[in-house]
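Enquirer: sequence plus predicted model, see below.
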Amino acid sequence: MLNRNINRRHFIKSFLMASGAIALTSRIAIRSAHALENVSVLVVGAGIAGLGAAHMLRQHGASVTVLEAKPHIGGRLLTDWSMGAPFEVGAGWIHGPSSDNPTKQLADAVGAKYVVTDDENATYFDLDGYEYDDDEVERIVDAWEAVLDHIDNNYEANDPRSLVQAIKDYRPAYLSDPAIMWAFSAYTEFSKGGAIEKLSAPLFNWDSAFDGADVVVTTGYDEILKPLADRIDIKLSLNVTSINYEDDDQIVVQTDKGTFEADYCICTVPLGVLKANKIKFQPGLPSDYKASIKKLGFGSVTKLALKFEEPFWDIETQYFGMTTEPKGRWNYWLNYRTFSDENILLGLSVGDYALEADRMSDQEMVEDALDVLRNVWEDDVEEPIEVLTTHWATDPFTLGAYSFPMPGSSMSDFDDLGDPIDDRLILAGEHTIFDYAGTTHGAYMTGLRAAEFIIDEES
Ligand SMILES: Cc1cc2nc3c(=O)[nH]c(=O)nc-3n(C[C@H](O)[C@H](O)[C@H](O)COP(=O)(O)OP(=O)(O)OC[C@H]3O[C@@H](n4cnc5c(N)ncnc54)[C@H](O)[C@@H]3O)c2cc1C
């Protein structure tokens, strides 16, 4: 998700929230390491939210077991080094890497190395594969910004219109302008993980951001999880099928490999898993939780890394924006040569096209993406020598990429999902925090928030 620094507005509340996060960790840190000695907690999911919660609870003496369906930790934070440079399967950037960003703090703690990605260092191409001149780029960005400003200035938070409806009401001609649609897709659909037809017009841009230009972690993003996972009892390849919180004292979690019991359960499975009712809650989740799960959106973002023998593109240019039809089809490319020695282009499909791309075979995906590249570089584009793909929408333990506000949803649909249920069961994960939904730092903060609830209960 690049360009977040462009399209995520900075509100006062982001600073309040950020200082709150720091206060949270330091306040908790001074409490006794034995405070939770007789407390047991089951954490479902070993992504950054689950590991963050587990780490904090263990520091306070709780007995913690993490139950993870996949054979590895990380969830949507996972680095694949098979191409010789880090291919980030899920999260790729630290958005707003200021010193108060909790993800940046984790990355600094493991000595991570960063490269600032420069949104301005980009070349954009039209539908026929010809480069846009500067005036056209300015027109596109101005139009996109004008819509955002119009919504900011005229829409109440509860306005039920979608972003596409808002564009239609303001400047209908934009909807048939492929260049302007490119900006809404490559910037907004990518940033929010959902099609503009499905995004809430007033809310999609109301979230918060930390300061600073986005960075990629050249030493591998998932390194930040190692200290969190250290000395935690993590059971991998174990699928949670039900969570029973009927009993006032014990939570019973059923898995495909046996039953676990504890005083508390923090469930961090992605929104897609909750939407698909993959886990049976006993009793069922309260009706307002169920309604919020339904109201929030969960789309996809598809990544494809193509490694070539030789570069056929300008190796100094960081991004290539391709106007494509349908919108969302491999419309943004990151050039690895700007931060590594590998001849890799990382393509992105977003919006509803990502849902289609996720369902393609790898070969179909590669052909589809090469078609887009050949529209610009024609016969210079040779067959790739290595390929990596993602299919988040069909991954059974994620079923999408990240959450977004749909028309008719509210900020509290995110935040209230994180409220403890019967003081025993807590949902956490990126979908439970409106301000920082769809980010690693947001997910991590919800893990800390869930742990903090248990620490407070037991203190
Ligand atoms: C393609 C993509 C690009 C992204 N780009 C960025 C970015 O650039 N910057 C950024 O900050 N964020 C980005 N994000 C978002 C970020 O990755 C997530 O917000 C964050 O990693 C979510 O963490 P989590 O702990 O909430 O969930 P997850 O990491 O998904 O963890 C949940 C865990 O639950 C497990 N699970 C699911 N079902 C079960 C079950 N039944 N039993 C046991 N375990 C189960 C899953 O396997 C998973 O490991 C991106 C995400 C994607 C998919």
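Expert: Thanks, I have it.

Enquirer: how many neighbours does the residue of the stretch 151-300 of the chain found nearest the ligand have?
Expert: Residue of the stretch 151-300 of the chain nearest the ligand, by CB to the nearest ligand atom: Val240 (3.5 Å). Backbone N, C-alpha and C define where each C-beta goes, glycine included. Val240 is flanked by 24 other residues according to other CB atoms under 10 Å.

Enquirer: repeat for Ser242
Expert: A count of neighbours around Ser242, defined by other CB under 10 Å, yields 13.

Enquirer: quick one: low-confidence parts of the stretch 51-200 of the chain?
Expert: Applying pLDDT under 70 to the stretch 51-200 of the chain picks out no residues at all.

Enquirer: quick revisit: so the residue of the stretch 151-300 of the chain closest to the ligand makes contact with Ala69?
Expert: Yes - with contact defined as CB atoms under 8 Å, Val240 and Ala69 form a contacting pair (7.0 Å).

Enquirer: anything in contact with each of the two?
Expert: Both Val240 and Ala69 lack any common contacting residue under the criterion CB atoms under 8 Å, 6 or more residues apart in numbering.

Enquirer: this structure - how does it break down into domains?
Expert: The chain breaks down by automatic domain parsing into domains covering 4-77+91-113+215-295+408-458, 115-208+299-394.

Enquirer: what's the closest of those domains to Gly84?
Expert: Nearest to Gly84, of all the domains of the chain, is domain 115-208+299-394, at 5.1 Å by CB to CB.

Enquirer: quick check, distance from that closest one to the centre of its chain.
Expert: With CA atoms, centre = their mean, to the nearest Å as the basis, the distance from the averaged C-alpha position of domain 115-208+299-394 to the chain average is 16 Å.

Enquirer: and the gap between the closest residue to Asp128 other than its chain neighbours and Val381?
Expert: What sits nearest to Asp128 in space, not counting adjacent residues and going by CB to CB, 6 or more residues apart in numbering, is Asn375, at 7.5 Å. Remark: distance between Asn375 and Val381 (CB to CB, to the nearest Å) = 9 Å.

Enquirer: before we move on, back to that, quickly list what the residue of the stretch 151-300 of the chain closest to the ligand is bridged to.
Expert: Note on Val240: beta-bridge partners Thr255, judged by DSSP bridges.

Enquirer: could you do Ile234 as well?
Expert: With DSSP bridges applied, the residues forming beta bridges to Ile234 are Val66.

Enquirer: name the residues of stretch 421-434 that are buried.
Expert: Neighbour-count burial for stretch 421-434, counted by 16 or more other CB atoms under 10 Å, picks out Ile421, Arg424, Leu425, Ile426, Leu427, Ala428, Gly429, Glu430, His431, Thr432, Ile433, Phe434.

Enquirer: spell out which parts of the stretch 51-200 of the chain neighbour the ligand.
Expert: Listed as neighbours of the ligand in the stretch 51-200 of the chain under the rule CB under 6 Å from any ligand atom: Leu67, Glu68, Ala69, Lys70, Gly75, Arg76, Leu77, Gly90, Ala91, Gly92, Trp93, His95.

Enquirer: among those residues, which one sits closest to Asp249?
Expert: Taking CB to CB as the measure, Leu67 is the one of those closest to Asp249, at 19.8 Å.
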